[in-house]
Structures are given as structure tokens and as C-alpha cells.
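1. Build me a structure from this.
(2 chains)
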Amino acid sequence: MSVLDVIIESIKEYVQNTDIREYINSIYEISVSSSMIERLVDDPRRKLRYRERFDDRHFIPDVCGFFVCTKCSESFYLDSSGIYIIADKIVRWLEYLNFLDPRILSQYIVLHELVHLIVHCVLPKHVRIEYTCAKSEIKFYKNLEEAYCEYCAINALKDGILRVLNQSVEIQKEEELEVALVSLLPRPAPYLYFKDLVRLQGIKSEREVNDIIHSFISGMINSRNQIIRQLYSDLVTNYIKRPFRDVIREVKTKKVNLLSKVEPCTTYDLYIVKTK
Amino acid sequence: MELTKALNEVEDKIELLEIVKEYLDLATELCLHSTEEELSEKCINLIRDRFSEVKDKLKDGKIFEKLLESKDVRLLLGFDRKRIKKLYLKLISECEDTILRRDFSKESREKFMKLYELVSLIGEEINRGIQRNVKILALLAQIENVCLVLKRFEDFNICIEQNSLENLIWFARVLIRQSTDLNLVLTGSPYCMEYLEVIDIPRDDWVGCLLHLYKLFESMKREFESWFGPWQKEYAVRDFLLLLSVTSEVLKNEGLSAQNLDEHVQIFRKIFGNVRERVSVTGEKELKSLREGLVNYLSSALRVSRTFNIDNEMNYHTYIIDKLLSSHIIGIEGFKKVANLYKTIVDELIKEKEYGDKYILSLLRLIVIAIIQQRLYRAPATLTESRFIQILLEIIKLVNKMCDKDAIKNFDKMLNYSIYSADLEYLEGFIDFLYSLYLQSDYEGFRNALKSLNFF
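-> Next up, the predicted model:
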């Protein structure tokens, strides 16, 4: 069995045998040209590259997979909503870092994208487009949602439960060293801020972390223009890195009410993408 | 009984095995189908027949000349031609006398063996008929030993076929040669003047011991051969011997009986296999390092599993080693370093029965992460230096002995965070900070720092 087959099989098995299946309508394997794959993953790379902190050694989860809701954002290449896992990209990483278990790295990518899906779907439907748009307007390295996805996925592997804001999904617990090895991968900002979130969870609580993310999302939605959004995301990002608690308290942000359960905009499928 | 004793003079016994192989039918007929009394009688009759066939030929001048030409014979009997001839002819007449007296005592049989040894020194230069008869004479003279060999085959349920016997002989030969190459005392033979360690296998007879090792090797042969390919069978025996010697030393270090050697060989073989499969060894220095690393690692792992009653400890170590050696992250020296660090951790924390096990595994994981980070991302080597590990161990002991539950909980939280999140830079800073408070004897500050955890 090739590494690619192991990845595809383990993703399918993972989704079918855990509560993740509740969020996924169907699983499809699709083959596309390699140039199409490059086009699909180019966006996160481009967003990061301009900051000159990104090089080939950096692990960027969104190059291996992404979530897209075609109802709320435009995609030039994709018609269907859901999670896309670029299996070939995971294989490439494993060639370089073969101390990682292919199964766990693939699951990790699925979890990261599932967090995006859940965050999107617990927001009131009328603000989803706005939030998606707001995120794209701030500098990518200030997008705390990415750090939150990393934080939730790492914790999920460790605890066997994916906890995202007010939702929780039962999955399976993994060996501690495997979790540490996934954490070990060098990430650029904003992904690497997950460590700050884990630390915050250690000093305070998980609730505090969720509160920060909730504030970040609300701030993005409520900010009147791009400049305020930038300032707001700066403030929150710095808060998790340094104790700016008092400053952030002064910024009055009306928190967006979260839905009690996940309400998808449309059906979301899981697409395992491989090269033709 | 030590293997050294059990396998004493095993090289001679291989000669015996060779004889058994060559005259298997005859030996089987004599040994397995005769009572003790019949056996002596049958043997002496056979000896008489064989001897009468070769007696005159052995006295032939040409054979005597060949004997004199042989350096080996001259080394054995001296350089005086007359004396050599006298001793040689005396030996033949003593053998004749033995037959006439129908004497089957040990001393008499030794004379036939002596004659066999002497003639075998010029074996290739005399005709086959003489060779064959002298060999049978030797076989008959050693009939008791042969009986023992065949009986032991039966005990061990080893099929006495030409093939298995050949394999056994091959195994015994390679085993002895490799033990010399590896500088291991296996045979107690005078050729091994310098040695690393004695392999201690409790068997009370050399054949039993040899068969035991053979059977153990056969049970793992496929696995061993898979590391190198079947065309390198000798390496499989070499590694088997290395595993045996490592296991033997681990048991000795841990004060365990050699009776459990087989069981532990089976337990350690996966870890050993992981290392051997992925690490190439060239030269004696590397071999020594590998052996030292394996002994340290397995001794520590075994001690942890016994002290804290952890059943699947070895499975976990198989996994750990697999991780470390994947991508060729570390070589022999790296493995030795990990083994030494692990030993340092175990030596210290094993004394702390209340909380030791909680940290042993965490720190092992920490070493693995630190090494991978160091090798792949060129992170500083501080965390894999023994000084840092010693300080960390000091801090762990201090925290657990001096602090209250909340502070211990916070410390564990910090350690777990550093490992799960692979935030080793943070860990280093945190431990340095605590250590500076400790050096200043600021214990209150130490306790408060952990209690509030406000620098986290």
C-alpha cells in the first residue's frame, strides 16, 4: 500500500468511524491535474509569502487542505462546498518528515479544516459572509482563526475530543509523542500562535481561549472598516502573546451570539484530492 | 552452568558433529539400536575390522614420509625424525594391543583419537580408503559422545537429517567464529584472550546448549535474515549473538537469572531489530558503541518496567526507537547519547517510587522531540546535553519534595505543555529561571513562581 493510499484510506476511515461523519455529507476522491492543485493551494502560500517569513521548510496546514463554503465566498475553481484535503501535499511532507505517522498527519489536517467548518457554521447565518470577507481583508498573519484551528486540532488529538467554541466532537485519542511531533512542525504566523493559546489555556482556562476567539470573530464582524479590523486583530493577537488584558477590556465589542448547534449553509462534502 | 563451561572445547565437538554427519547411518545404528553392553561389543568388533584394513597401510613408508613433511605433525611430535617414527609406530602398536585385549576403556579410545588426529593432519595426501577407515575408528572411539549428541537431538526434537545436521554444523561454526570476531567469550577457548562479556546460558551440556541456541536462532532466523537478506546469513548469526550478549548483560545488570534469557531475547528482539535495521555499523568502535547503547537503553527500560510494573513498556520503546531512527535522524553515536540520557533519567527517578514513573516517560519523549528538532531544524543542542537533564531532574525532585499540590500541578502543566506543544525554548527558559532561584536558595520565590505561574 503506497503512502498515498494509506492517507486516503485513513481519512475515509477516520471520518466514517468518528462523530466527524455528522458534519460531512459524502466523501469523494477526485483526481485533478497538478497545475490545478497548485492553483488550489496557491492562495494561502501567497498570503504568507509577502511577509517574507515563509520558506519551504514551514508547515502550512492550509496547503494540505482547506474549507470552502461556496455560499459565503467566491471560488474561481470550486463549485462544491466542503473540506478539500490535498493528499499529494501530505505525501510530499511525509517524504521529508517520515517520522510522522501518515495516518495522524492526515487526521490532523482534517481536524484543522473541520474547526474552520464548525466556526463558520455556529455563526448566525446573516454574518457569515461578512466574517469571511473581514478575514480576507486583514493581513493573513493576524488571522487568529488559523491559530485556533491548530490549537483545537492539537488538543483534539491529545484528548480524543474536538472542542470548538460551544461544540464538541468525539474522535479518538492519539499517542502523546505523535501529538508532540505534529506540534513540532515549524509553522509561520499565524499558525504558530497556537502555542500562545495553549499557554493561555494553561494559566487560565479553555473558556478564556474561547472567549478570546469569540471576541476576535465578533470584532472582525463589528469593525466598521478595514483599518479598524487591522487594529482590532492586532490587539487580540498581541493579547494572547502578552498580558494586554486591561487594554482589550476597554475595547467594547458586542459579542456575536453563537448558534447552539451547527447549521450548515449548504451540504458539506469531503474531497480527497489527488493528482491525475 | 555458564556457557563458557558448557561449550568448552566446542571446536572439537564440531569435528564430532562432522563425523556424525558423515557416518550418520552407522552412528544411528550403533547408538539408537544397541543396548549399552551390545554397543561396546559392536564397537570393538567394528574397530577390529577397520583397523585390520588400515594397520599395514598406516605403517607404509610413504605415509611416514608425509607425516615428517607436515609442519603440524612436527609441531606436535617434535623435530627428531627417529623420535617421531618411534612415537608413531608405538601408537599403532598400542592400538593393536587395545584390540587384542578387547579393551574399550576411555584411555584405549583416546589412542584411536590420537591416531585419527595425527592422520587427519595429512588427510588430503593419503588415499580415501585410509581416511574413511580412520574416521570411522575415531567415530567408534567417541561413540559415547556420539550417543550423547544423537540423544540430545532427540530431546530437542531436531530431525537428524543430513540437511539439519549440516545447518547445525554451519551454525556452530559461524557462532564460534563470530564470537571471536565480536570479542565475546562464548567458547572459553584460548583464542579469545580479550573479551567484552560472557554470555551466560544455563545449560549443563555443550550439545544441549548448542542446540538450544540453534533452536532459538531458527525461531528468529527469518526476522534476522530479513534485516540483511538471506544471502548474508552469517550476519544474521552475528546479530543473533550480539542480541544474546546484550540480553545476557542486561539481565546481569538487573540482577536477573540467566534462566530467563530466552524470554528476554524475545522481548528485546524488536527493539534490537529496529536499531540494527536502520543503523549501519562499521568497525569495532561503532560496534562497541552500539552494544553499549543497547545495554544501557534496555537495562533502563527493563528497570522501569519492573519497578513500576509496566507490562507494555518494551512495546513503547520499540515505538520510540522507531521514531528516533526514522529518517535516519540519529546514527550510532546519537543512539548511544539517547541511551545515556535515558539511563541518567531512570537512575535518578527510579528512586522516587511515588512520582518517578510520571516523569520518566515524559522526559524520554522530551529527549526524542529535542533530538528531532535539533537534527531537522538545527535547534540548539542544550536540551540534549546531560547538564540540562541533570538540572531538570534536580528541579523535578525539588518541586515534588518542597512544593504543595497546586505548585506540583502547575509544574506538571508546564512540562506537559512544553512537550505537547514542542515548545522547548520555553521549557529551557522556565527551568533556567527556577534553577537560578534554587541557586540563590530563594525557596519561597521558587514556590511562589510555581504557585502563581504568572510567567507562563
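2. which helices and strands sit right next to the strand or helix carrying residue B:222?
-> Assessed by DSSP states H and E, residue B:222 sits inside helix B:206-228. Packing partners of helix B:206-228 (3 or more Cβ pairs under 8 Å, 6 or more residues apart in numbering or on different chains; DSSP states H and E): helix B:3-6, helix B:10-22, helix B:143-155, helix B:162-181, helix B:233-253, helix B:261-278. Placement of C-beta: from N, CA and C, glycine included.
3. mind listing what's buried in that helix?
-> Residues B:206-214, B:216-217, B:220-221, B:224-225, B:227-228 are the ones in helix B:206-228 that count as buried (16 or more other Cβ atoms under 10 Å in any protein chain shown).
4. In contact with the residue of chain B at minimum distance from chain A: list those residues for me.
-> Closest contact between chain B and chain A, by Cβ to the nearest Cβ, is at residue B:422 (3.8 Å). Taking Cβ atoms under 8 Å, 6 or more residues apart in numbering or on different chains, we find residue B:422 in contact with A:180-181, A:183-184, B:369, B:373.
5. And for residue B:303?
-> Neighbouring residues of residue B:303 by Cβ under 8 Å, 6+ apart: B:254, B:346, B:350.
6. Distance check, it against residue B:367.
-> To residue B:367, residue B:303 is 17 Å away according to Cβ to Cβ, to the nearest Å.
7. just residue A:129 next, same as before
-> Applying Cβ to Cβ, the value for residue A:129 to residue B:367 is 49 Å.
8. Residue B:387 too?
-> According to Cβ to Cβ, residue B:387 and residue B:367 sit 14 Å apart.
9. So which of the two has more stuff around it?
-> Shown here are residue B:387 and residue B:367; by other Cβ atoms under 10 Å in any protein chain shown, residue B:367 has more neighbours (19 against 8).
10. Need the three-state assignment for the more buried one.
-> helix (DSSP: H, G, I helix; E, B strand; the rest coil).
11. With the one 5 residues further on instead?
-> Using three-state DSSP, the three-state assignment for residue B:372 comes out as helix.
12. what sits against it?
-> A:99, A:181, A:184, B:323-324, B:329 are the contacts of residue B:372 under Cβ under 8 Å, 6+ apart.
13. May I have the phi/psi pair for the residue of chain B closest to chain A?
-> The phi and psi values for residue B:422, taken as degrees, to the nearest 10, are phi 50, psi 40.
14. mind checking how far it is from residue A:181?
-> Counting by Cβ to Cβ, the gap from residue B:422 to residue A:181 is 8 Å.
15. overlap in contacts of these two?
-> Common neighbours of residue B:422 and residue A:181 (Cβ under 8 Å, 6+ apart) are residue B:369.
16. My understanding was that residue B:352 contacts residue B:397; is that so?
-> Yes: at 6.9 Å, residue B:352 counts as touching residue B:397 under the criterion of Cβ atoms under 8 Å.
17. one step back: farthest pair within the contacts of residue B:372?
-> Based on Cβ to Cβ, the longest span within these runs between A:184 and B:324 and measures 13.3 Å.
18. out of the contacts of residue B:372, which is most surrounded?
-> Sorting the contacts of residue B:372 by how many neighbours each has (other Cβ under 10 Å) puts residue A:184 first, at 26 neighbours.
19. distance of that one from chain B?
-> 4 Å (Cβ to the nearest Cβ, to the nearest Å).
20. show me the contacts for that residue.
-> Neighbouring residues of residue A:184 by Cβ under 8 Å, 6+ apart: B:369, B:372-373, B:422.
21. likewise residue B:345?
-> B:300, B:359-360, B:363-364, B:389, B:393 are the contacts of residue B:345 under Cβ under 8 Å, 6+ apart.
22. how about a cut-off of 7 Å?
-> Shown in contact with residue B:345 (Cβ atoms under 7 Å, 6 or more residues apart in numbering or on different chains): B:360, B:363-364, B:389, B:393.
23. okay, residue A:247: pLDDT?
-> The score at residue A:247 is 57. That number is its pLDDT.
24. Check residue A:50 too.
-> pLDDT, read off for residue A:50, is 51.
25. what's the neighbour count on the closest residue to residue B:145 other than its chain neighbours?
-> Closest residue in space to residue B:145, ignoring its immediate chain neighbours: residue B:16 at 5.8 Å, by Cβ to Cβ, 6 or more residues apart in numbering or on different chains. Each residue near residue B:16 was counted by other Cβ under 10 Å, and the total is 18.
26. Around chain B, which positions in chain A sit nearby?
-> Selection of chain A residues close to chain B by Cβ under 7 Å from any Cβ of the partner chain yields A:97-99, A:154, A:158, A:176-177, A:179-180, A:183-184, A:186, A:195, A:198-199, A:202-203.
27. that older thread, so for the contacts of residue B:372, which is the shakiest by pLDDT?
-> Ranking those by pLDDT, residue B:329 lands last with 70.
28. count of neighbours near the closest residue to it other than its chain neighbours?
-> Leaving aside its sequence neighbours, residue B:329 sits nearest to residue B:375 (Cβ to Cβ, 6+ apart; 5.0 Å). Counted with other Cβ under 10 Å, the neighbours of residue B:375 add up to 18.
29. now swap in the one 5 residues further on and tell me
-> For residue B:380, the count of nearby residues is 13 (other Cβ under 10 Å).
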